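[1] Give me the fold of what follows.
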Amino acid sequence: MPKYQKQFRILVAVDCIIFGFDGAELKILLIKRDLEPEKGKWSLMGGFITEKENFDRGGARILKQLTGLEGVYMEQLHAFGHPDRDPHERTISVAYFALIDINKFENQISSDFHAEWFPLKKIPKLVFDHNNMVTKARERLRYKSAFHPILFELLPEKFTLPQLQSLYEGIFDTEFDKRNFSRKIQSTKLLVKQKDKDKESSKKGAYYYKLDKRRYAANLHAFLNIIPNPVIFNRL
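    Numbers count the residues shown, from 1 in each chain. As a prediction, this is how the structure comes out:
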(Lines give C-alpha, C1' and ligand atoms only; values in the text may rest on other atoms or scores of the structure.)
Protein backbone atom coordinates (compact mmCIF):
# COMPACT_ATOMS: atom_id res chain seq x y z
CA MET A 1 0.00 0.00 0.00
CA PRO A 2 1.49 3.39 -0.97
CA LYS A 3 2.33 5.79 1.86
CA TYR A 4 1.39 9.44 2.05
CA GLN A 5 4.03 11.38 0.16
CA LYS A 6 6.10 14.24 1.57
CA GLN A 7 4.60 13.92 5.06
CA PHE A 8 6.64 14.34 8.22
CA ARG A 9 6.71 11.32 10.55
CA ILE A 10 5.80 11.95 14.18
CA LEU A 11 6.21 9.67 17.20
CA VAL A 12 3.16 8.91 19.34
CA ALA A 13 3.46 8.14 23.04
CA VAL A 14 1.12 7.41 25.93
CA ASP A 15 1.69 8.91 29.38
CA CYS A 16 -0.19 7.64 32.43
CA ILE A 17 -1.10 9.84 35.40
CA ILE A 18 -1.67 7.35 38.22
CA PHE A 19 -3.62 8.71 41.18
CA GLY A 20 -3.72 6.67 44.36
CA PHE A 21 -5.26 7.06 47.80
CA ASP A 22 -3.81 5.43 50.90
CA GLY A 23 -6.68 6.25 53.24
CA ALA A 24 -5.18 9.56 54.30
CA GLU A 25 -3.61 11.33 51.31
CA LEU A 26 -4.16 11.60 47.57
CA LYS A 27 -0.92 10.67 45.80
CA ILE A 28 0.59 10.24 42.36
CA LEU A 29 2.96 7.51 41.16
CA LEU A 30 6.21 8.65 39.50
CA ILE A 31 9.40 7.12 38.16
CA LYS A 32 12.82 8.46 37.26
CA ARG A 33 13.31 8.73 33.51
CA ASP A 34 15.89 6.20 32.27
CA LEU A 35 16.87 7.78 28.95
CA GLU A 36 17.98 11.10 27.54
CA PRO A 37 16.90 13.84 27.40
CA GLU A 38 16.11 14.57 31.07
CA LYS A 39 17.53 11.23 32.21
CA GLY A 40 17.28 10.72 35.98
CA LYS A 41 14.51 13.28 36.47
CA TRP A 42 11.03 12.51 37.76
CA SER A 43 8.50 11.52 35.14
CA LEU A 44 5.04 10.11 34.57
CA MET A 45 4.77 6.53 33.32
CA GLY A 46 5.16 6.64 29.57
CA GLY A 47 6.14 4.83 26.42
CA PHE A 48 5.63 4.72 22.67
CA ILE A 49 2.72 3.19 20.83
CA THR A 50 3.63 0.25 18.61
CA GLU A 51 2.58 -0.02 14.97
CA LYS A 52 -0.50 -2.20 15.59
CA GLU A 53 -1.71 -0.83 18.94
CA ASN A 54 -4.57 1.54 19.62
CA PHE A 55 -4.22 4.03 22.46
CA ASP A 56 -6.16 2.02 25.04
CA ARG A 57 -4.13 -1.13 24.49
CA GLY A 58 -0.89 0.80 24.40
CA GLY A 59 -1.73 2.60 27.63
CA ALA A 60 -2.62 -0.65 29.38
CA ARG A 61 0.58 -2.30 28.14
CA ILE A 62 2.79 0.59 29.23
CA LEU A 63 1.10 0.75 32.63
CA LYS A 64 1.66 -2.96 33.22
CA GLN A 65 5.22 -2.87 31.90
CA LEU A 66 6.32 0.00 34.14
CA THR A 67 4.32 -0.73 37.27
CA GLY A 68 2.90 -4.25 37.04
CA LEU A 69 -0.60 -2.82 37.39
CA GLU A 70 -3.49 -4.16 35.35
CA GLY A 71 -7.25 -4.24 35.63
CA VAL A 72 -7.43 -0.72 37.09
CA TYR A 73 -9.63 2.22 36.11
CA MET A 74 -8.10 4.13 33.18
CA GLU A 75 -9.53 6.95 31.11
CA GLN A 76 -8.15 8.92 28.18
CA LEU A 77 -7.52 12.52 29.18
CA HIS A 78 -6.08 14.71 26.42
CA ALA A 79 -3.58 14.83 23.56
CA PHE A 80 -0.50 17.00 24.11
CA GLY A 81 1.17 18.00 20.87
CA HIS A 82 3.16 21.23 21.23
CA PRO A 83 5.99 21.06 18.68
CA ASP A 84 8.63 21.70 21.35
CA ARG A 85 7.24 19.50 24.14
CA ASP A 86 10.02 16.90 23.62
CA PRO A 87 13.39 18.52 22.76
CA HIS A 88 14.76 15.26 21.34
CA GLU A 89 12.18 14.50 18.65
CA ARG A 90 8.69 15.62 17.62
CA THR A 91 6.37 13.54 19.80
CA ILE A 92 2.64 13.66 20.46
CA SER A 93 1.52 12.23 23.78
CA VAL A 94 -1.95 10.91 24.52
CA ALA A 95 -2.38 11.12 28.28
CA TYR A 96 -4.47 8.77 30.41
CA PHE A 97 -5.25 8.90 34.09
CA ALA A 98 -5.66 5.86 36.31
CA LEU A 99 -7.25 5.57 39.76
CA ILE A 100 -6.27 2.97 42.33
CA ASP A 101 -6.62 2.13 46.00
CA ILE A 102 -2.94 2.10 47.05
CA ASN A 103 -3.45 -0.43 49.83
CA LYS A 104 -5.24 -2.83 47.49
CA PHE A 105 -2.55 -2.74 44.79
CA GLU A 106 0.53 -2.16 46.95
CA ASN A 107 1.87 -5.69 46.46
CA GLN A 108 1.11 -5.67 42.75
CA ILE A 109 3.29 -2.67 41.90
CA SER A 110 6.56 -3.77 40.35
CA SER A 111 9.84 -2.52 41.85
CA ASP A 112 11.75 -2.88 38.56
CA PHE A 113 11.49 0.82 37.70
CA HIS A 114 11.62 2.10 41.30
CA ALA A 115 8.24 3.83 41.15
CA GLU A 116 7.50 6.09 44.13
CA TRP A 117 4.34 7.65 45.52
CA PHE A 118 4.31 11.42 46.05
CA PRO A 119 1.61 13.43 47.85
CA LEU A 120 -0.24 15.47 45.23
CA LYS A 121 0.68 18.66 47.09
CA LYS A 122 4.40 17.84 46.93
CA ILE A 123 4.96 16.83 43.31
CA PRO A 124 8.51 17.56 42.14
CA LYS A 125 9.35 19.28 38.85
CA LEU A 126 8.61 16.72 36.14
CA VAL A 127 10.09 16.29 32.67
CA PHE A 128 8.69 18.05 29.60
CA ASP A 129 5.03 19.05 30.04
CA HIS A 130 4.17 16.35 32.57
CA ASN A 131 3.26 18.85 35.31
CA ASN A 132 0.68 20.32 32.92
CA MET A 133 -0.69 16.83 32.35
CA VAL A 134 -1.11 16.33 36.08
CA THR A 135 -2.91 19.68 36.41
CA LYS A 136 -5.30 18.82 33.60
CA ALA A 137 -5.93 15.35 35.05
CA ARG A 138 -6.77 16.84 38.42
CA GLU A 139 -9.20 19.27 36.82
CA ARG A 140 -10.91 16.39 35.00
CA LEU A 141 -11.07 14.42 38.23
CA ARG A 142 -12.76 17.33 40.00
CA TYR A 143 -15.33 17.65 37.26
CA LYS A 144 -16.15 13.96 36.99
CA SER A 145 -16.31 13.40 40.73
CA ALA A 146 -19.42 15.58 40.88
CA PHE A 147 -21.37 13.49 38.38
CA HIS A 148 -19.99 9.97 38.60
CA PRO A 149 -18.83 7.64 41.42
CA ILE A 150 -15.32 7.90 40.02
CA LEU A 151 -13.65 8.75 43.34
CA PHE A 152 -14.76 5.45 44.78
CA GLU A 153 -12.21 3.77 42.47
CA LEU A 154 -9.66 5.23 44.89
CA LEU A 155 -11.31 3.74 47.96
CA PRO A 156 -11.64 0.21 49.26
CA GLU A 157 -15.09 -1.37 49.05
CA LYS A 158 -15.66 -0.39 52.68
CA PHE A 159 -14.50 3.04 53.82
CA THR A 160 -15.07 5.52 56.63
CA LEU A 161 -16.43 9.05 56.38
CA PRO A 162 -13.09 10.51 57.56
CA GLN A 163 -11.39 8.68 54.68
CA LEU A 164 -13.94 9.99 52.21
CA GLN A 165 -13.51 13.51 53.56
CA SER A 166 -9.72 13.29 53.24
CA LEU A 167 -10.12 12.17 49.65
CA TYR A 168 -12.45 15.05 48.76
CA GLU A 169 -10.12 17.52 50.45
CA GLY A 170 -7.23 16.17 48.40
CA ILE A 171 -9.16 16.40 45.14
CA PHE A 172 -10.47 19.92 45.69
CA ASP A 173 -7.49 21.22 47.69
CA THR A 174 -9.69 22.57 50.48
CA GLU A 175 -10.81 21.71 54.00
CA PHE A 176 -14.33 20.72 55.02
CA ASP A 177 -15.98 21.10 58.39
CA LYS A 178 -16.21 17.56 59.75
CA ARG A 179 -19.81 17.74 60.99
CA ASN A 180 -21.05 19.60 57.93
CA PHE A 181 -19.36 17.17 55.55
CA SER A 182 -20.80 14.16 57.39
CA ARG A 183 -24.29 15.68 57.37
CA LYS A 184 -24.21 16.50 53.67
CA ILE A 185 -22.78 13.12 52.68
CA GLN A 186 -25.35 11.18 54.67
CA SER A 187 -28.18 13.37 53.37
CA THR A 188 -27.53 11.97 49.88
CA LYS A 189 -28.73 8.56 51.17
CA LEU A 190 -26.31 6.92 48.77
CA LEU A 191 -24.03 5.40 51.40
CA VAL A 192 -24.91 2.18 53.18
CA LYS A 193 -23.73 2.11 56.79
CA GLN A 194 -22.06 -1.14 57.86
CA LYS A 195 -22.15 -2.79 61.27
CA ASP A 196 -18.38 -2.90 61.79
CA LYS A 197 -15.95 -0.10 62.60
CA ASP A 198 -12.42 0.95 61.76
CA LYS A 199 -10.75 1.08 65.19
CA GLU A 200 -7.20 1.67 64.01
CA SER A 201 -7.60 5.45 63.67
CA SER A 202 -9.22 6.11 67.06
CA LYS A 203 -10.37 4.33 70.21
CA LYS A 204 -14.01 5.12 69.49
CA GLY A 205 -13.70 3.96 65.90
CA ALA A 206 -15.52 5.07 62.75
CA TYR A 207 -18.25 3.08 61.05
CA TYR A 208 -17.58 1.69 57.61
CA TYR A 209 -19.80 2.59 54.65
CA LYS A 210 -20.37 1.28 51.15
CA LEU A 211 -21.57 3.15 48.07
CA ASP A 212 -25.02 2.13 46.87
CA LYS A 213 -24.15 2.10 43.16
CA ARG A 214 -27.70 1.44 41.99
CA ARG A 215 -29.10 4.45 43.78
CA TYR A 216 -26.17 6.56 42.66
CA ALA A 217 -26.86 5.71 39.01
CA ALA A 218 -30.38 7.03 39.46
CA ASN A 219 -29.24 10.22 41.20
CA LEU A 220 -25.95 11.30 39.64
CA HIS A 221 -26.07 14.85 41.02
CA ALA A 222 -26.49 13.86 44.65
CA PHE A 223 -22.94 14.78 45.62
CA LEU A 224 -23.01 18.23 44.01
CA ASN A 225 -24.12 19.88 47.25
CA ILE A 226 -20.79 19.09 48.91
CA ILE A 227 -18.62 20.53 46.13
CA PRO A 228 -16.93 23.71 47.44
CA ASN A 229 -17.27 25.76 44.25
CA PRO A 230 -19.50 24.36 41.51
CA VAL A 231 -18.61 27.34 39.30
CA ILE A 232 -15.31 25.62 38.54
CA PHE A 233 -17.12 23.15 36.32
CA ASN A 234 -18.16 25.89 33.92
CA ARG A 235 -14.51 26.72 33.31
CA LEU A 236 -13.40 23.28 32.14
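
[2] For the protein, which segments count as strands?
    In the chain, the strands defined using DSSP state E lie at 11-21, 26-32, 42-43, 45-48, 73-80, 91-101, 116-119, 159-160, 191-198, 206-211.

[3] possible to save these as TSV with distance to Phe181?
    (Glycine included, C-beta is placed from N, CA and C.) As requested, those are exported to TSV (distance: least, C-beta to C-beta, whole Å):
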stretch	distance to Phe181
strand 11-21	16
strand 26-32	16
strand 42-43	33
strand 45-48	33
strand 73-80	24
strand 91-101	21
strand 116-119	21
strand 159-160	12
strand 191-198	12
strand 206-211	13
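
[4] To Leu126, which of those lies closest?
    Of all the strands of the chain, strand 42-43 sits nearest to Leu126, with 5.3 Å by C-beta to C-beta.

[5] what's in contact with the closest one?
    The contact list for strand 42-43 (C-beta atoms under 8 Å, 6 or more residues apart in numbering) reads 30-33, 124-127, 130.

[6] ok so, going back, as TSV, the strands of the chain with mean pLDDT and distance to Phe152 would be great.
    Below are the strands of the chain laid out as TSV (pLDDT from 0 to 100; distance: least, C-beta to C-beta, whole Å):
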stretch	mean pLDDT	distance to Phe152
strand 11-21	96	10
strand 26-32	93	14
strand 42-43	95	28
strand 45-48	94	23
strand 73-80	96	10
strand 91-101	95	9
strand 116-119	94	20
strand 159-160	94	8
strand 191-198	90	10
strand 206-211	92	5
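
[7] Can you lay out these as JSON lines showing mean neighbour count and distance to Pro2?
    Converted to JSON lines, these look like this (neighbours: other C-beta atoms under 10 Å; distance: least, C-beta to C-beta, whole Å):
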{"stretch": "strand 11-21", "mean neighbour count": "23", "distance to Pro2": "21"}
{"stretch": "strand 26-32", "mean neighbour count": "21", "distance to Pro2": "40"}
{"stretch": "strand 42-43", "mean neighbour count": "18", "distance to Pro2": "38"}
{"stretch": "strand 45-48", "mean neighbour count": "19", "distance to Pro2": "25"}
{"stretch": "strand 73-80", "mean neighbour count": "16", "distance to Pro2": "27"}
{"stretch": "strand 91-101", "mean neighbour count": "22", "distance to Pro2": "24"}
{"stretch": "strand 116-119", "mean neighbour count": "14", "distance to Pro2": "47"}
{"stretch": "strand 159-160", "mean neighbour count": "22", "distance to Pro2": "57"}
{"stretch": "strand 191-198", "mean neighbour count": "13", "distance to Pro2": "60"}
{"stretch": "strand 206-211", "mean neighbour count": "17", "distance to Pro2": "54"}
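
[8] okay, Pro230: pLDDT?
    The model reports Pro230 with a pLDDT of 47.

[9] Out of the contacts of strand 42-43, which two sit at the greatest distance?
    Taking C-beta to C-beta, the two most distant members of those are Ile31 and Lys125; they sit 14.5 Å apart.

[10] now for the strands of the chain, which one comes closest to Leu63?
    If you check each of those against Leu63 by C-beta to C-beta, strand 11-21 wins as the nearest, at 5.2 Å.

[11] now the angle from the closest one to strand 73-80?
    Using axes from the mean of the first three to the mean of the last three C-alpha atoms, to 10 degrees, the direction of strand 11-21 lies 130 degrees away from that of strand 73-80.
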